[in-house]
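# need a structure here:
(2 chains, ligands or ions: 2)
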Amino acid sequence: MANQNDRRIGLSWLFKMAWRDSRRNTGRLVLFMSSIVLGIGALVAINSFGDNLNDQIEGEAKELLGADLEVKSRTPIGDEVRERFDSLGFAMSEEMAFSSMVYFPKNAGTRLVYVRAVEDGFPYYGDFETAPQANSKEFTTGQNALVDQTLLLQFDAAPGDSVKIGELTFNVAASVLKVPGQSAITTTVAPPVFIPLRLMDKTGLNQLGSRMEYKIYAKYPDDFDPKVFEEFIAPWLEDTEYRFDDVAERKEEVGDTYADLTGFLALTAFIALILGCLGVAGSVHIYLKEKVASVAVLRCLGASGKQAMGIFLIQVVGMGFIGSSIGALLGASFQAFLPGLFADFVPFDVEMQMSWLAIAQGVAIGVVASLLFALLSLLRLQKISPLKAIRASFETTEPDRYRVIVGSLILIFVYAFAWFQLSDAWRALVFTIGIVGSFAILAGVAQAIIYFVRRFFPTGSSFVLRQGLANLYRPNNQTLILVVTIGLGTALISTLFISQNLLIDKVQVSSSGDDRPNMVLFDIQTDQIAQLNELAKTYEMPVLNQVPIVTMRLHSLKGRGVEELRADTTSDVRHWVLNREYRVSYRDSMTDSETLLEGKWQRKVDNPGDSIFISLDERLIDDMKVELGDEIAFNVQGAIIKTYVGSFREIDWQRMQTNFLVMFPEGVLEKAPKFHVLLTRFESGEQSATFQQKVVENFPNISVIDLQLVLATVDAVLAKVSFVIRFMAFFSIFTGILVLIGSLLISKYQRVRESVLLRTLGAQKHHILKINTLEYFLLGSLASLSGIIIALIAGALLAWFSFDTTMSPDFPILGLVYVSITALTVLIGLSNSSSVLGKPPLEVLRS
Amino acid sequence: MSEEIILSVRELTKTYASGSRSLTVLNAVSFDVKKGSTCAVVGPSGSGKTTLLGLCAGLDKPSSGSVSLNGVVLDDLTEDEKAEVRNRHVGFIFQSFNLMPTLTALENIMIPMELRGNRDAKARALELLETVGLADRGKHYPAQLSGGEQQRISIARAFANKPSILFADEPTGNLDGETGAAIEDLIFELNRDAGTTLVLVTHDLELANKTDRVITMKNGKLHTDKATEAAI
Ligand SMILES: Nc1ncnc2c1ncn2[C@@H]1O[C@H](COP(=O)(O)OP(=O)(O)O)[C@@H](O)[C@H]1O
Ligand SMILES: [Mg+2]
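Ligands and ions are numbered 1, 2, ... in the order given. Purely as a prediction, here's the structure:
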């Protein structure tokens, strides 16, 4: 009973003591806490800003599809799909699309177009961009058509004119500038014309049979769990004869850009965490170091080691909580100002939302990090001998058995958080190892500095030089802590610079360039090629690429017929592989958007009886379940051709090139029925229109598509992505610098007393300034240099593993980083000592 | 005996503002100290002795009044100029030693000489170390030394630049009787040898009586100022 009472009093006494102790030196406490505030503020701001931007980009990707999910088929889609979607609460909108001739009564022009009969609802994401702006509901209720801009241009038609499709005449309501989902070029063989789906019957065109494409666009309910799609809908759809596309897949089509962006945002968030922890760790470490004397006194007065530790444990947790709460709120509200601040630069509207999850996360991380990084110092406090009260504190170098335990706990924390952030155990491990490695390198650099300064100490040099150098290794030196914080900070900042450049370069490679084709001509007959080339030449349209295409279907795979495979439920060959119509080409060499991964490229089949080795897109390894040497037979319009897998290629689908899943060598398909595709580039709309007109006049069978629309969409997305990358990098670099400033400010208390004593003994202002400049210059300079070297290593590894490119670091920028960080370190070091210079020494000596 | 005045204090007042109230810690104190003399300042704790000494040595700024040291008026000097005066003319011994915890004993002694640009600082520091009887402890850090030893180092440091005046603020206050006595002897001995002026703050009347003159402080005012038997 008495015992219990004691313990209760004991605990409340600890709280009281923690409070009492914190009242003194409020300024100092604020400084320590400010570092936590900064660290957590940065983490929360970056995380929630990243979340918001990610949502934004996700939205953009949805616009590329116009819906969450698209199901398409060459045959009418069965009701089982509608029923299933209905039961899941999906909103649906249907489409029938087909190539057809249209007729402009105004000038009797005709042209092959791609008619898309749509329902109100589509697009669920994004909007038709039309001139004048059309209302989707009005458009679908009237007898209206929306017609591609270049088509109108070509026929000198305008909104208000009419256009005849099949047996029905439509009013041209508007011209179409941009359409969500327009990037589906492979199915588009002509400029699009939109008509209401309910009028399909009246056009008399719905009997086109195989040329018709049926689509259902679906939009998920708001609370839809994407896992349901992955685990439930996708496998089910795969077993039907329908093809489907979801946002994730469409994103892949835009290229690795999204994957890179997501990777980069994860990297930034991880760096923000480490920066936050760095701030917290630095401040807590130095704070507790200062408390050794107080603990010693407490011990003298009869407090137990545990009690003494308890007091400061309470303080640290309290500080951690208050600091990270303020930081989290600041970080989150910082974003509220962003849209206004950056309205002119941001190429899209960033909708900012308070992310309460990010705030709660930030507070939790702040408290846990404070506690973890304080733990070692706290456990040491427990062991402080009361004798310390009588003697000045002296560095103890006894080995610490807690060190391993606390170190492991910190590692687990960093890894767990990395895992949580990146949702990828393997990546998290790599990042954690990277941080530990950097830490080890920097600690090594610090030890090396101490060793070499001691070993080669210039005994005969000036007082200032010797004092400045000796500060690097004397007891209570800040070499280790500052080299690690400055070095790690610099490494993170430089890594961001480097990886930002990596990504921006990559995005620019794919999105810009004046030699990209922007017009595709389809269905060219072999005997038309020469004439067409001539025509292109007269209109100054360069032939950028010209390939033959043979369509074929899969006949058998490793000796098993397609029908058999389709029926076999144990076969894991994907159905799209079995069902699709392959557009195959042949050439004797690879283009620069292809890389050979495995096997050998067969250039030519010399004799009719020789084995044919084809080259497959690497994606077919998994989906077709084939290896090098496997036998694949194709049905080429009735003729069965037996081939073997000769090689696998990786294809950069981002390049506007004609790329093929299956490539034949020369010498096989030359005689097969085929058509050609030609890629060219126009500079002006006028040039495009006149050329198209001529082509239609001379070769009525050839379809022309203008890729300008598609490219505009892709470019817009890439521009946004590169903006996000730049902005996030800038933002984290900025906060990284703030955190660095915080840890440097804290180092102030390490040197104040010494500077004052020097003053008492008659040191001049310039002595103290020079000594401190030298010390901080050496620390800042060596630490930032090591940091940059670490960043170069990290950058090379990131380039290699993560972003799949090579690094070309921007050395002037890195030089600037070096100079700035060193200058910053010296500046703050000096401003720290300047507070000593102005004050009478007695004030400090008394305290 | 020379009649030269080395320290001259006129109407020295120090007031601390604590909140709305102000606290006058030193109230119009005036006195002169002759070169080469020794002088003790005694008085109850809180009577303003440390404050007075700090002002005399230019470690703090008075609220009003004037201090002149070795003919230099400190009142309008900058902190740097005061530091220069301290380095040239003043030695200081603290009750709490105030050694630089991060420097070795030897380095602590060397600093005042090094600040002055003295080339043979190390040789003289070693000499001083020997004088204070700690020749073998030069490489030790303050935390590795006892209180008495630390105070010896701080005495050696105070004498390093051959100051013309030495201020000692209760130099034995943190030490046991025996050690304290040894420290006192050391201070007097070095002082006599160097011919330094000594201003010593102490509670110990016996010690005070070893000096030429005793100044008594009370409530921030100079209470009494008498020559001792030792002077006669
Ligand atoms: N910074 C300060 N603010 C307010 N009062 C102070 C300050 N420094 C000293 N004092 C007060 O000045 C008085 C004299 O102090 P001090 O000179 O240290 O006395 P002594 O050395 O004689 O014991 C004491 O009452 C002390 O409380
Ligand atoms: Mg005193």
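# Residue nearest the middle of chain B, spatially speaking?
By Cα atoms, centre = their mean, the mean C-alpha position of chain B lies nearest to B:F167, the distance being 1.5 Å.
# pretty sure that residue is in a strand, no?
Yes: judged by DSSP: H, G, I helix; E, B strand; the rest coil, B:F167 forms part of a strand.
# check contacts around it.
By Cβ atoms under 8 Å, 6 or more residues apart in numbering or on different chains, the contact set of B:F167 is B:L53, B:C56, B:A57, B:V90, B:G91, B:F92, B:I93, B:V199, B:L200, B:V201. C-beta here means a position set from N, CA and C on the backbone, and glycine is covered the same way.
# Where does the prediction get shaky in the stretch 301-450 of chain A?
For the stretch 301-450 of chain A, the stretches flagged by pLDDT under 70 are A:301-305, A:335-355, A:384-400.
# actually chain B, sorry about that
For chain B (pLDDT under 70), the answer is B:1-3, B:231-232.
# So which of the contacts of B:F167 sit within strands?
Of the contacts of B:F167, the ones assigned to strands by DSSP state E are B:V90, B:G91, B:F92, B:I93, B:V199, B:L200, B:V201.
# Identify, from the residues you listed, the entry nearest to A:N501.
Nearest to A:N501 among those is B:F92, at 57.8 Å by Cβ to Cβ.
# how about that closest one, what does it touch?
A:T760, A:L761, B:A57, B:L59, B:R86, B:A158, B:L166, B:F167, B:A168, B:D169 are the contacts of B:F92 under Cβ under 8 Å, 6+ apart.
# so how far is B:A143 from the second one?
With distances taken as Cβ to Cβ, to the nearest Å, A:L761 is found 20 Å from B:A143.
# now swap in the fifth one and tell me
When distances are taken as Cβ to Cβ, B:R86 and B:A143 turn out to be 26 Å apart.
# Pick out whichever of the two has more residues nearby.
B:R86 (27 against 19; other Cβ atoms under 10 Å in any protein chain shown).
# what's the helix or strand hosting A:A443 packed up against?
Per DSSP states H and E, A:A443 falls inside helix A:425-455. Contacts defined by 3 or more Cβ pairs under 8 Å, 6 or more residues apart in numbering or on different chains; DSSP states H and E place helix A:425-455 against helix A:257-290, helix A:402-422, helix A:479-511, helix A:765-797.
# Now tabulate the ones you listed in TSV and tack on distance to A:S438 and mean neighbour count.
TSV is the format used below for those (distance: least, Cβ to Cβ, whole Å; neighbours: other Cβ atoms under 10 Å in any protein chain shown):
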stretch	distance to A:S438	mean neighbour count
helix A:257-290	9	25
helix A:402-422	12	16
helix A:479-511	5	24
helix A:765-797	5	22
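# mind giving me a markdown table with the ones you listed and columns for distance to B:I183?
Converted to a markdown table, the helices and strands packed on helix A:425-455 look like this (distance: least, Cβ to Cβ, whole Å):
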| stretch | distance to B:I183 |
| --- | --- |
| helix A:257-290 | 30 |
| helix A:402-422 | 41 |
| helix A:479-511 | 36 |
| helix A:765-797 | 30 |
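# Determine which of these approaches chain B most closely.
Nearest to chain B, of all those, is helix A:765-797, at 4.9 Å by Cβ to the nearest Cβ.
# tilt between that closest one and helix A:479-511?
If you take axes from the mean of the first three to the mean of the last three Cα atoms, to 10 degrees, helix A:765-797 sits at 40 degrees to helix A:479-511.
# What mean pLDDT does helix A:765-797 get?
The pLDDT scores in helix A:765-797 average 88.
# That's all I had, so thanks and see you.
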